[in-house]
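A.B. asks: give me the fold of what follows.
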Amino acid sequence: MRYISTRRGPDAPTRSFSDILLEGLAPDGGLYLPEEYPTLSASNLDELRIVLREEGYAAMAAGIISLFVDDIPADDLCAITARAYSTPSFSDPQIVPVDALEGTDLHIAHLSNGPTAAFKDMAMQLLGELFEYELTRRGDWLTIVGATSGDTGSSAEYALRGRPGLSVVMLTPAGRMTAFQRAQMFSLLDDNIVNVAVDGVFDDCQDLVKAINMDADFKATWHVGAVNSINWARLLAQVCYYVATWLRVTEEGADASSKVSVVVPSGNFGNVCAAHIARQMGVPLGTLVVATNENDVLDEFFRTGVYRPRSSADTLATSSPSMDISKASNFERFIFDLLGRDGDATRALFDEALARDGSFDLSGTPEFAALRDTYGFISGTSTHADRLAEIARTEQESGYLLDPHTADGVHVARAVRSQIEGPLVVMETALPVKFADTILEATGHLPPVPERFQGIEGREERVTPLANSAEDLKALIAERVRPGA
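C.D. replies: Numbers count the residues shown, from 1 in each chain. The predicted model follows:
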């Protein structure tokens, strides 16, 4: 399996999985994707169902990942996934259980059983194992430079803390996360963890990460890699839980006619992009519902065909802060597929039109007309009032407490349910403990605090403030990172 950039020219070289694992963003500014998606036949899905039932989630994940990775021996890959997806790191031995939401015709896929109570753990625990394996194999080291709107950072840091050969510089938007999210990250005092509070919003943090990756000399000198969803390995990990979700919802012997649709709370498009890839592989996913909050750039595109990222000043601070994103970096991967994998056309949109016009418009094109029928996409959005009402309603009617991002998903799921046949699964994003103020406002009580998080907000914290400047970030990396550590 070889990998290509979404902005590749006709003669651009391909790359191996292990190379792009450590590289992150492609040198031309594009994102990596496999040359072609492997396919899962009905018999393949039957085999994976048996593996999931008899050997567990980690073994099933190894089977899927092996379709994309041919430069890591199969036995090593099985050992990597076994370490990544195990208890007690994950509180449920099923790793990703799927339950019916009582009193509704919806299901919930539980993705928040990991060490930081967020769905990002599903990818980060695997990424940590892959990084350590490959760096050890090469005798190399890596500086991870990432950006987070709340959950990616803590998931990455918990997965990478203390690992040899790895340093983490994680950018956060100052004042834009909850107290719990800040405590999870800033209380990590490991020598290889550097938390940074940027004077800006998440998109500014993401732009700084891209600027570092586009400086080829600096990137090479400091061995810069990525854990944001620009890293293909993260999406690959997420593809696995869409397969597991379909297997858990359907019955033995289910075939391609047994469609399962999913609702995915989304800001950066990585989570739902993994659903798109699973669907392209032949997993019988029906409708892919993109659920946004007030920062509705993605909803606007799927309704109108216009992709119009907002400025930092126009990116709203909401009660589902991990989705306060107006530049969906993974969206380029889907557009590349939508445009028939035309690298020149993709570059013209993302490298030229966005820089020149601040937007691009695909309305009226055959590609936009194919969004629903060919690719399954629809979308919806919600407000703070919608989230509060949904959290209160779901607790009262179903006895289940939602976090605000999953509440965005449930709200949109109810709105589109009549358009969708068959099972509809909302992909949970986090446990409510991470968003106590919103839960209190919605229900009148605080969320329960799992034992492993007791007292987390009272611990010593360490964070470095930073201006919104790539040069300042480079200086900080040069000061704080120990090469080869």
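
A.B. asks: local confidence estimate at Ser322?
C.D. replies: In this model, Ser322 is scored at 85, pLDDT.

A.B. asks: count the residues that sit near it.
C.D. replies: By the other C-beta atoms under 10 Å criterion, the neighbourhood of Ser322 contains 30 residues. Where you see a C-beta, it was placed from the backbone N, CA and C, and this is true even at glycine.

A.B. asks: and for Arg480?
C.D. replies: Counted with other C-beta under 10 Å, Arg480 comes out at 16.

A.B. asks: that one reaches Asn195, doesn't it?
C.D. replies: No - the pair formed by Arg480 and Asn195 falls short of the contact definition of C-beta atoms under 8 Å, at 10.4 Å.

A.B. asks: what's the overlap in contacts for the two?
C.D. replies: A shared contact of Arg480 and Asn195, defined by C-beta atoms under 8 Å, 6 or more residues apart in numbering, is any residue touching both; here these are Thr464.

A.B. asks: give me the below-cutoff pLDDT ranges for this structure.
C.D. replies: 484-485 (pLDDT under 70).

A.B. asks: neighbours of Gly455, just the number please.
C.D. replies: Neighbours of Gly455 (other C-beta under 10 Å): 9.

A.B. asks: distance check, it against Phe180.
C.D. replies: Computed with C-beta to C-beta, to the nearest Å, the distance linking Gly455 and Phe180 is 12 Å.

A.B. asks: and for Leu160?
C.D. replies: Noted for Leu160: a distance of 20 Å to Phe180, by C-beta to C-beta.

A.B. asks: before we move on, what about Ala109?
C.D. replies: Ala109 is 22 Å from Phe180, by C-beta to C-beta.

A.B. asks: now swap in Val425 and tell me
C.D. replies: The spacing between Val425 and Phe180, counted by C-beta to C-beta, is 26 Å.

A.B. asks: swap in Leu126?
C.D. replies: Counting by C-beta to C-beta - Leu126 and Phe180 are separated by 24 Å.

A.B. asks: tell me the contacts of Val433?
C.D. replies: Residues in contact with Val433 (C-beta under 8 Å, 6+ apart) are Ala117, Phe180, Pro447, Pro448, Val449, Pro450, Phe453.

A.B. asks: and the second one, how many neighbours?
C.D. replies: The one in question is Phe180. Burial measure for Phe180: 22 neighbouring residues, criterion other C-beta under 10 Å.

A.B. asks: Asn213 too?
C.D. replies: Number of residues near Asn213 (other C-beta under 10 Å) recorded here: 22.

A.B. asks: tell me the secondary structure at it.
C.D. replies: At Asn213, secondary structure determined by DSSP: H, G, I helix; E, B strand; the rest coil is helix.

A.B. asks: pretty sure it contacts Val224?
C.D. replies: Yes - applying C-beta under 8 Å as the test, Asn213 and Val224 come out as touching, 6.4 Å apart.

A.B. asks: what do these two both touch?
C.D. replies: Going by C-beta under 8 Å, 6+ apart, residues that sit against Asn213 and also against Val224 are Gly24, Val145.

A.B. asks: quickly list what Ala307 is bridged to.
C.D. replies: No, residue 307 isn't Ala; it's Tyr. In this structure, Tyr307 has beta-bridge partners Phe360, where bridges are defined by DSSP bridges.

A.B. asks: looks like it contacts Ser363 (just checking).
C.D. replies: No - under the criterion of C-beta under 8 Å, Tyr307 lies out of contact with Ser363, with a separation of 10.3 Å.

A.B. asks: looking at those two, which one has more neighbours?
C.D. replies: Under the criterion of other C-beta under 10 Å, the comparison of Tyr307 against Ser363 puts Tyr307 first, with 23 against 11.

A.B. asks: next, the contact list for the more buried one, please.
C.D. replies: Contacts of Tyr307 by C-beta under 8 Å, 6+ apart are Val297, Glu300, Phe301, Phe331, Leu349, Ser359, Phe360, Asp361, Leu362.

A.B. asks: mind checking which of those are buried?
C.D. replies: By the neighbour-count criterion of 16 or more other C-beta atoms under 10 Å, these include these buried positions: Val297, Glu300, Phe301, Phe331, Leu349, Phe360, Asp361, Leu362.

A.B. asks: I'd like to know which elements the helix or strand that contains the second one is packed against.
C.D. replies: Put plainly, it is Glu300. Glu300 is part of helix 297-304, with elements assigned from DSSP states H and E. Taking 3 or more C-beta pairs under 8 Å, 6 or more residues apart in numbering; DSSP states H and E as contact, the helices and strands that helix 297-304 lies on are strand 285-292, strand 306-307, strand 377-381.
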